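[1] Below: sequence and its predicted model.
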Amino acid sequence: MDKIIVKGGKKLKGSVTIEGSKNAVLPILVASLLPEKGKSYITNVPDLSDVDNLTTLLKLLGAEVETGGSTVSVDASNGLNHNAPYDLVSKMRASMLVMGPLLARYGKCTIAMPGGCAIGSRPIEQHIKGLEKMGASFSNVDGNIEGYTDGQLKGARITLDFPSVGATQNLIMAASLADGTTHLENVAMEPEIEDLAKYINAMGGNVKGAGTSHIIIEGAEELRGADHEVIPDRIEAGTFMIAGAITKSEITLKNVVLDHLSALVSKLEDMGVKMVENGSEVTVIPAENLKPIKVKTMPHPGFPTDMQSQMMALLTTVKGTSTITETIFENRFMHVDEFSHMNANILLDENTAMVKGVENLQGARVKATDLRAAAALILAGLAAEGYTVVTELRHLDRGYVDFHGKLSRLGADIERVSDTDKTKEPVTN
Ligand SMILES: CC(=O)N[C@H]1[C@@H](OP(=O)(O)OP(=O)(O)OC[C@H]2O[C@@H](n3ccc(=O)[nH]c3=O)[C@H](O)[C@@H]2O)O[C@H](CO)[C@@H](O)[C@@H]1O
Ligand SMILES: C=C(OP(=O)(O)O)C(=O)O
């Protein structure tokens, strides 16, 4: 296993290109199981371990998958089996999304029940209840969820209890081959949902209203493989905005849709970070002294939970007291202890963190507790005194392409080495 070593205090300069979105490409690759005819070509695909794991799963299900650079082609026309095993499902929650396409095409699916995940228990009853409304039945057999339908799935009216991103995606895919019309209400409005709907429509589907809370899907007779370019990763973009802000450096991000980031941008502007948009580029210009803020994570278009830990990294360095309330995942504050090793001053009260900015973070050996925490600790390291060593990088590799390389090219003093390399270990902790 590798670790990342950052020596804080360097200014950043220059530009960085943002990759295709992890959270858009995963459901899009899964939706490539829907067509009985033709091959899909998905472009702007990021080179991430989550994408590797998902393409492995698609191959195991019987799809032909080829990867060349940032393009992945998927051909599911030769028939699929319907069994998603534990070793892949447990690595990646997005594997649960194969339920919708498999039930729609074959009336059968067997998915291993994923184990608990670091950021919360992450149940899937909204997926199951919705699919049941469309005529599926489920049973739990030896730790697997087995789903089946007697005949084709049927269009239905489904109102989610909570706008779950995954449930919305699963149900859109199931409904796109169901018999009749499906109304999905109180659904997630994330840009990744819109991207999925755009792809399904390119395959001949009929999904309307994606990006709003009410989506209407006319089931199609059949879908055909299509070409689709994945949207830019708004969370990677947001993470680099914070890299600029925490190092008080002006940097430019390329391949960004600023509209997808309005809640984060609005908070950064409140703090004193100026954003200058120029087509698909944005330049981040932080003030010398930033102001504390209050942040509450919410479903889109609210502040994204996937930016909560990176924002916390920044707030640990901002004079005054800020608060962060996490409303999406019940256990997404595991990074607080790690920040504390770096001299951060954070008090937790249930789902609210009170963050008092300190004069100087101190480099320390810290553990990435989940994907975004990994990035957040590296960001904190950019501003800390001395060396910060971040371990457990398997989390980082799920969602960031060459994160240390991109920061290094912007001027950070950062390297990725084997965990057995004991040089440059921080003296603290
Ligand atoms: C691959 C992907 O796109 N992952 C994103 C997706 O995850 P994911 O699709 O898993 O997130 P959901 O929106 O489904 O989950 C949000 C909350 O709803 C709860 N819930 C969800 C489904 C359900 O049936 N029952 C239930 O209680 C979850 O436990 C969680 O507390 O959206 C999250 C919320 O923006 C992001 O943090 C993840 O990065
Ligand atoms: C929580 C995340 O992803 P996943 O749902 O794949 O765990 C994330 O991208 O921050």
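    Thanks, I have it. Ligands and ions are numbered 1, 2, ... in the order given.
[2] What number of residues are in the vicinity of the residue lying closest to Gly155 once chain neighbours are set aside?
    Once flanking residues are discounted, Gly155 sits nearest to Gly180: 3.1 Å by C-beta to C-beta, 6 or more residues apart in numbering. Yep, even glycine has a C-beta here, placed from its N, CA and C like the rest. Gly180 has 14 neighbours, counted by other C-beta atoms under 10 Å.
[3] Also the one 4 residues further on?
    Using other C-beta under 10 Å, the number of residues around Leu184 comes to 25.
[4] host element of it?
    strand 181-185 (DSSP states H and E).
[5] and the residue lying closest to Ile124 once chain neighbours are set aside, helix, strand or coil?
    In space, and not counting its chain neighbours, Ile124 is closest to Met96: 5.8 Å by C-beta to C-beta, 6+ apart. Three-state assignment for Met96 (DSSP: H, G, I helix; E, B strand; the rest coil): helix.
[6] Quick check, pLDDT for Met96.
    If you check Met96, the pLDDT there is 91.
[7] likewise Pro85?
    Pro85 is assigned a predicted lDDT (pLDDT) of 84.
[8] so who does it touch?
    Contact analysis of Pro85 by C-beta atoms under 8 Å, 6 or more residues apart in numbering lists 60, 112.
[9] what's it sitting at in phi/psi?
    Per-residue torsions, Pro85: phi -80, psi 160 (degrees, to the nearest 10).
[10] and what of Gly411?
    phi 110, psi 0.
[11] That one and ligand 2, how far apart?
    In this view, Gly411 and ligand 2 are 26 Å apart by C-beta to the nearest ligand atom, to the nearest Å.
[12] and stretch 205-221, C-alpha only, in PDB?
    Extracted in PDB, the C-alpha atoms of stretch 205-221 (Å, rounded to 0.1, in the frame of the first residue of the first chain):
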ATOM      1  CA  GLY A 205     -35.600   5.800 -24.000                       C
ATOM      2  CA  ASN A 206     -38.100   8.400 -22.900                       C
ATOM      3  CA  VAL A 207     -37.100  10.000 -19.600                       C
ATOM      4  CA  LYS A 208     -38.500  13.400 -18.800                       C
ATOM      5  CA  GLY A 209     -38.100  15.800 -15.900                       C
ATOM      6  CA  ALA A 210     -34.600  14.600 -14.800                       C
ATOM      7  CA  GLY A 211     -33.100  17.300 -12.700                       C
ATOM      8  CA  THR A 212     -36.500  18.100 -11.100                       C
ATOM      9  CA  SER A 213     -38.200  16.300  -8.300                       C
ATOM     10  CA  HIS A 214     -40.700  14.600 -10.600                       C
ATOM     11  CA  ILE A 215     -39.500  12.300 -13.300                       C
ATOM     12  CA  ILE A 216     -41.800  10.600 -15.900                       C
ATOM     13  CA  ILE A 217     -40.600   7.600 -17.800                       C
ATOM     14  CA  GLU A 218     -42.300   5.900 -20.700                       C
ATOM     15  CA  GLY A 219     -41.100   2.300 -20.900                       C
ATOM     16  CA  ALA A 220     -39.500   1.600 -24.300                       C
ATOM     17  CA  GLU A 221     -40.000  -1.700 -26.300                       C
END
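[13] touching ligand 1 at all, it?
    No: if you take C-beta under 6 Å from any ligand atom as the test, stretch 205-221 misses ligand 1, and the best it gets is 13.5 Å.
[14] What lies in contact with that stretch?
    Residues outside stretch 205-221 that contact it (C-beta under 8 Å, 6+ apart): 34, 153, 155, 163, 168, 172, 175-187, 189, 191, 193-194, 196-198, 200-201, 204, 223.
[15] which of those residues are buried?
    34, 153, 155, 163, 168, 172, 175-178, 182-184, 186-187, 189, 191, 193-194, 196-198, 200-201, 204, 223 (16 or more other C-beta atoms under 10 Å).
[16] Which ones among these map onto helices?
    168, 172, 175-176, 191, 193-194, 196-198, 200-201 (DSSP state H).
[17] Stretch 7-22 close to ligand 1?
    No: between stretch 7-22 and ligand 1, judged by C-beta under 6 Å from any ligand atom, nothing touches; the nearest distance is 6.9 Å.
[18] Determine how far that stretch lies from the middle of the whole chain.
    Its chain's C-alpha centre and that of stretch 7-22 lie 18 Å apart, by C-alpha atoms, centre = their mean, to the nearest Å.
[19] ok, the closest residue to ligand 2 within the chain to ligand 1 distance?
    Relative to ligand 2, the nearest point of the chain is Asp306 (3.9 Å; C-beta to the nearest ligand atom). From Asp306 across to ligand 1, the span is 5 Å (C-beta to the nearest ligand atom).
[20] Output the helix-or-strand element of the chain with minimal mean pLDDT as CSV, nothing but the C-alphas.
    The helix or strand of the chain with the poorest confidence is helix 86-89; it has a mean of 84 (mean pLDDT, DSSP states H and E). Only the C-alpha atoms of helix 86-89 are listed here, as CSV (Å, rounded to 0.1, in the frame of the first residue of the first chain):
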residue,chain,number,x,y,z
TYR,A,86,-20.1,-10.1,-2.7
ASP,A,87,-16.5,-9.4,-3.4
LEU,A,88,-17.4,-6.8,-6.0
VAL,A,89,-20.6,-5.5,-4.5
